[in-house]
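Trainee: structure, please.
(chains A, B and C)
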Amino acid sequence: MVQNASKISVSGLNFYYQKKQAIFDLNLKIHANSILSVFGPANSGITTLLRSFNRLCDLTPGAHMEGQILLDGKNIYAPDIIVTELRRKVGMVFDVPTPLPMSIFDNIAYGPRLSGMKSKKLLFQSVEEALKMAALWEDVKDRLSMPAASLSGGQQQRLCIARVLALKPEVILLDRPCSGLDPISTAKIEESLSHLKEKFTIVIAPHNVQQAGRISDRAAFMLMGHLIEEGPARAVFANPQDQRTNDYITGRFG
Amino acid sequence: MGSVERFSHLLTRSAKRKQDFRSIFSRSEKIQQFNIQHSAFSTAVKDRLRGRLAVWLRVALAVGMCFSLALLGGCGRPKTGVIIAGSTSVQPYAEVLVEGYAVLYHDDAIDVQGGGSSAGIAAAESGTADIGMSSRDLNEKERELWFVEIAKDGLAVIINPNNPLTDLTINQIRDIYSTKISNWSELGGSPAKIHIIAREEGSGTRSAFESLVMGEAEISPKAIVQDSNGAVRQLVADDKNSIGFISLGLVDQTVKALTLDGIVPNRENVINGTYSLFRPFLFVAGKEPVGAVKQFIDFTLSPNGQKLLEHEGLISSAIEGIENEEI
Amino acid sequence: MKKFKEKLSGRIFFIFALSSISVLALITVFIIVKGAPIIAKVGFFNFVFGMKWSPSQGEFGIFPMIIGSVSVTLGAAALGVPIGICCSIFLAEFAPAKMREFFRPAIQLLAGIPSVVYGFWGLLFIVPFIRNFFGGPGLSILAGAIILAIMTLPTIISISEVSLLALPRQYKEGALALGLNHWQTIWSVLLPAAKSGIVAAVILGIGRAVGETMAVIMVLGNAVAVPLSILDPVRTLTTNIGIEMGYASGEHQQALFATGIVLFVIIMLLNSFAQYITRKR
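Mentor: I've put the predicted structure just below:
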């Protein structure tokens, strides 16, 4: 396999919430156009790590970090970085679907509109493209003006993915995107993710180990804020180097 | 049933209820006791709690009954103390009289309230007040009540001290208040809209003004309405484009009283009849006054009382004793 | 035994609940009984739309007072709603915790000031201010609107703030993760999502303004005429009752009770509307 260029490069990351340390000395390289699963038990710092990639952690009062996170070689915590632009490049899908209180079309078109796109034709194209990529187009193409809240849970989550896609990001972060969804919706989302990695870099925090096993190229196991092990997915799951990884995968603790 | 009988009746009924309560309680407590036998609680402590609970119940019940009785009892008027209510024009003078009365007779249980002449007359009629104060003549229906004139009061038309005008005719004042004249420039002042200030409809001062100045014409509904002489005076003192009417005795240096056709509004001109705006101050009662009420009214009409009123700026009516006066 | 006690306590609570409703029923029946005869006599349309209020001459038209109430309330809403909503956004989204601890009780304190104190302050401070800077007698719709706007601020601010804070955290995060800045998030996402709560807050605030008497009786000027500008004095339905109740008798008193009926209907409609909106979410 060709060694892809590092899309995101984390070195020496220590993350603190006030006095409490959430991430300890983390080093990680994320390759472009691949799916990385970051998995582990709750409170291991996985969500914190994901949020540090799009600087959503800035919202939490008292959150600060040491170390470096480079996106395409540029430190995303440099003072000249415009956070809103960063967040368009690094999109995020949450564990709970968050449709905006507007129609399906307006939800997807929101981002492009804000970036200045005004032409109705262009907007419609973006919306269609995004919905197709998120495998939602067939379901909603006849009712784009319906309120987004009228969709089912799985559809809403795919809407959120489409919304992120409409911004043409480079990285997509997904924090337990399928928690609370039925298996069919989960399967649909996993399928779209495996297509999306051709265009985007994907980092996913799965809500169970099996999902990680199904879709990821590489996997990273985090425990209590430490990165225990990281490598190609098959290797990590079939042949974990660390005893703790093995214990977690086999379900001895969780 | 008298109140005493009612009270004892209530007591016996409550005693029976207490019996029922206690039996209910003891039954439930037997169950509780059985349940608590297994706990670390000693039965001695439980007994003491039970006794205390019963005592508190009785105390609460007794307090509650006393409270409600007090409320019921207090519903009527207190037996001592005279209540005087009515015209806000008469009110400050009545208060002066009450003070003087207290000094002489060592009785300070007299209460003076406002509300306006009409309210005062109505209160006297219904018995809510012992004496009603009025600053206007009584109408036909009201004359059936007992009344006496205690003084005469001039009515002054006031403007702001910064207003250059000093004199107006009654016709001009009438036209101002009916908004035929609406700008000060029409009277020789600098152009500005005239702000007319009147009293509320139930005011004796307003009725006096209407009958003495307006006649058939109406005070415009656009007039600003205030509910006491003091409020009118305050407003005229603050607003340089305003005009109002108040009791002559209440005019002070914060406002300017207009001369009417050249006649200065003061006591002398009211007495000699050249200043035509004056009205009677009346004390009205639902029935012939007796006791403390009679004593107070006698004091008001006595030389001492009249001197007090004159000193405050009213014109004495100079009558002696209580008579049904034809005014 | 237990069953009896449970039944008894249930009955006692029922009686207490009933007593509060019965007070409402008593008041309603009372004002209807006292006020209906005059409406029947004068005629509903003549009463509500009549332009002349002159009890001494038997004229009972309350339309000038309705206009007064509407204009003062609308003025209060125009002033109070934008300030209130901006304040609630500030408290919910921008204020650091320390500032919030200071602002919230301060705003609640505004609600605790007696309305007569507001009226007094308005008379001594707002009225001369309007007179000197805007003209007119100072006693005006504007003065009443300013006072009422201040009085309704606590209601609008606290309920709007609660609505904003009650929004799921993901709304804000989802919007920010899309690259929206803070203001865009508030304007396009949070406010529309909290809309029904904010609207309910505004309607409740307006309901309070409509029923205010003491605060405005001193600053409105109480002229019984349809106002032509916000600097004109007016009389509202409530102040009309407040001024004249002391000396009204006979038909005059009935007419004041009838005014009370009209007020009652207005406030009931406003409250039902607010409830309908909150339920619709």
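Trainee: contacting residues for the nearest residue to B:Lys222 once chain neighbours are set aside?
Mentor: With sequence-adjacent residues excluded and distances taken as Cβ to Cβ, 6 or more residues apart in numbering or on different chains, B:Lys222 is closest to C:Ala225, at 4.2 Å. In short, each C-beta sits where N, CA and C put it, glycine included. By Cβ atoms under 8 Å, 6 or more residues apart in numbering or on different chains, the contact set of C:Ala225 is B:220-222, C:64, C:232, C:234.
Trainee: in helices only, show me those.
Mentor: Filtering these for membership in helices, criterion DSSP state H, returns C:Pro64.
Trainee: circling back to that earlier point, A strand includes the residue nearest to B:Lys222, no?
Mentor: No - C:Ala225: not assigned to a strand; according to DSSP: H, G, I helix; E, B strand; the rest coil it is coil.
Trainee: ok, now how distant is it from C:Thr239?
Mentor: Distance, C:Ala225 to C:Thr239, by Cβ to Cβ, to the nearest Å: 14 Å.
Trainee: and if you look at B:Met214?
Mentor: Taken as Cβ to Cβ, the span from B:Met214 to C:Thr239 is 24 Å.
Trainee: burial count for the residue nearest to A:Thr60 when sequence neighbours are not counted?
Mentor: The spatially closest residue to A:Thr60, leaving aside those adjacent along the chain, is A:Tyr17, at 6.4 Å (Cβ to Cβ, 6+ apart). The number of residues packed near A:Tyr17 is 14, by other Cβ atoms under 10 Å in any protein chain shown.
Trainee: what residues does A:Tyr17 make contact with?
Mentor: A:48, A:60, A:62-63.
Trainee: number of nearby residues for the residue in the stretch 201-327 of chain B positioned nearest to chain C?
Mentor: Closest to chain C within the stretch 201-327 of chain B is B:Gly202: 2.9 Å, counting by Cβ to the nearest Cβ. Under the neighbour criterion other Cβ under 10 Å, B:Gly202 is assigned a count of 28.
Trainee: pop out the phi and psi values for A:Thr116.
Mentor: No, residue A:116 isn't Thr; it's Gly. Dihedral angles of A:Gly116 (phi, psi; degrees, to the nearest 10) stand at phi 110, psi 0.
Trainee: and it, how close does it get to B:Gly81?
Mentor: In terms of Cβ to Cβ, A:Gly116 sits 81 Å off from B:Gly81.
Trainee: which of B:Met214 and C:Thr239 has more neighbours?
Mentor: In terms of neighbours (other Cβ under 10 Å), C:Thr239 is the more surrounded of B:Met214 and C:Thr239; the figures are 27 against 16.
Trainee: returning to that earlier point: quick check: the farthest pair among the contacts of A:Tyr17?
Mentor: Spatially, the most separated pair among those is A:Thr48 and A:Gly62, at 12.7 Å (Cβ to Cβ).
Trainee: between these two, which one's more packed in?
Mentor: The neighbour comparison of A:Thr48 against A:Gly62 (other Cβ under 10 Å) goes to A:Thr48, with 23 against 9.
Trainee: centre of the chain versus the helix or strand where B:Tyr101 lies, how much separation?
Mentor: Per DSSP states H and E, B:Tyr101 falls inside helix B:91-105. Its chain's C-alpha centre and that of helix B:91-105 lie 15 Å apart, by Cα atoms, centre = their mean, to the nearest Å.
Trainee: what's the answer for stretch B:287-303, then?
Mentor: With Cα atoms, centre = their mean, you get 19 Å for stretch B:287-303.
Trainee: what comes up buried for that stretch?
Mentor: B:289, B:292-293, B:296-297, B:299-301 (16 or more other Cβ atoms under 10 Å in any protein chain shown).
Trainee: got a list of contacts for it?
Mentor: So stretch B:287-303 is contacted by B:80, B:82, B:97-98, B:100-101, B:104-105, B:107, B:109-110, B:130-131, B:146, B:148, B:150, B:283, B:285, B:305-306, B:309, B:317, B:319-322 (Cβ under 8 Å, 6+ apart).
Trainee: which among those end up buried?
Mentor: Using 16+ other Cβ under 10 Å, the buried ones in these are B:82, B:97-98, B:100-101, B:110, B:130-131, B:146, B:148, B:150, B:283, B:285, B:305-306, B:309, B:317, B:322.
Trainee: for chain A, what spans make up the strands?
Mentor: Secondary structure of chain A (DSSP state E): strands located at A:6-17, A:20-31, A:35-39, A:63-71, A:74-75, A:90-93, A:171-175, A:201-205, A:218-223, A:226-232.
Trainee: okay, these in a markdown table with distance to A:Leu136 and mean pLDDT next?
Mentor: Listed next are the strands of chain A as a markdown table, based on distance: least, Cβ to Cβ, whole Å; pLDDT from 0 to 100:
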| stretch | distance to A:Leu136 | mean pLDDT |
| --- | --- | --- |
| strand A:6-17 | 26 | 88 |
| strand A:20-31 | 26 | 90 |
| strand A:35-39 | 20 | 91 |
| strand A:63-71 | 28 | 89 |
| strand A:74-75 | 33 | 88 |
| strand A:90-93 | 13 | 91 |
| strand A:171-175 | 15 | 92 |
| strand A:201-205 | 17 | 92 |
| strand A:218-223 | 27 | 90 |
| strand A:226-232 | 31 | 90 |
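Trainee: may I see the ones you listed organised as CSV, with distance to C:Arg169 added?
Mentor: Output for these, formatted as CSV (distance: least, Cβ to Cβ, whole Å):
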stretch, distance to C:Arg169
strand A:6-17, 16
strand A:20-31, 18
strand A:35-39, 22
strand A:63-71, 15
strand A:74-75, 28
strand A:90-93, 14
strand A:171-175, 13
strand A:201-205, 18
strand A:218-223, 23
strand A:226-232, 27
